[in-house]
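K.L.:
pasting the sequence and the predicted model now:
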Amino acid sequence: MEEKFISSEKLFETSHFSLACYLYYLGFRLEGISGEDKKIFYFRRDVGLDDAIQKFWRKEALVEPEAFLLVVKTLKSRLYDFDRKL
């Protein structure tokens with residue numbers, strides 16, 4: 001089976017956990033997580049991603065609280081699983 005790689009210009013990376021949670025909440029595809037001490041989250045650079053990032057930093061982002069909390073728990077769980085596999 002051939003492995004497919006996504007070029008770096010098609011990915012957005014961030015080490016900001018809250019931003020990663022917000023993007024994941026909005027449905028942007030999380031392509032991976034890397035790093036030992038400082039985790040980096042990689043998202044596919046889809047349409048609307050840059051606008052969502054700007055909304056986040058301008059403090060204009062709105063979320064449904066319970067759904068967002070579920071996303072936070074999900075990403076924390078993925079970080080825990082990532083650390084266990086190292």
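P.N.:
In hand now; what should we look at? Residues are numbered from 1 along each chain as shown.

K.L.:
which helices and strands does the helix or strand hosting Thr74 pack with?
P.N.:
Using DSSP states H and E, Thr74 sits in helix 65-85. Under the contact definition 3 or more CB pairs under 8 Å, 6 or more residues apart in numbering; DSSP states H and E, helix 65-85 sits against helix 17-26, strand 30-34. Bear in mind the C-beta positions are built from the backbone N, C-alpha and C, glycine included.

K.L.:
ok, 6 Å please
P.N.:
Contacts defined by 3 or more CB pairs under 6 Å, 6 or more residues apart in numbering; DSSP states H and E place helix 65-85 against helix 17-26.

K.L.:
ok, residues contacting the helix it packs on?
P.N.:
Residues from elsewhere that reach helix 17-26, judged by CB atoms under 6 Å, 6 or more residues apart in numbering: Thr14, Leu30, Phe41, Phe43, Ala52, Phe56, Ala61, Val63, Phe68, Val71, Val72, Leu75.

K.L.:
in that helix, what counts as buried?
P.N.:
Leu19, Ala20, Cys21, Tyr22, Leu23, Tyr24, Tyr25, Leu26 (16 or more other CB atoms under 10 Å).

K.L.:
run the chain-centre distance for it.
P.N.:
5 Å (CA atoms, centre = their mean, to the nearest Å).

K.L.:
ok, stretch 32-42 next?
P.N.:
How far stretch 32-42 lies from its chain's middle: 10 Å, per CA atoms, centre = their mean.

K.L.:
now stretch 14-30
P.N.:
On CA atoms, centre = their mean, the centre of stretch 14-30 falls 3 Å from that of its chain.

K.L.:
end to end on it, go ahead and measure it.
P.N.:
Distance across stretch 14-30, first residue to last, is 11 Å (CA to CA, to the nearest Å).

K.L.:
could you give the mean pLDDT of it?
P.N.:
For stretch 14-30, mean pLDDT is 97.

K.L.:
nearest to Leu79, of the buried residues of helix 17-26?
P.N.:
Ala20 (9.8 Å; CB to CB).
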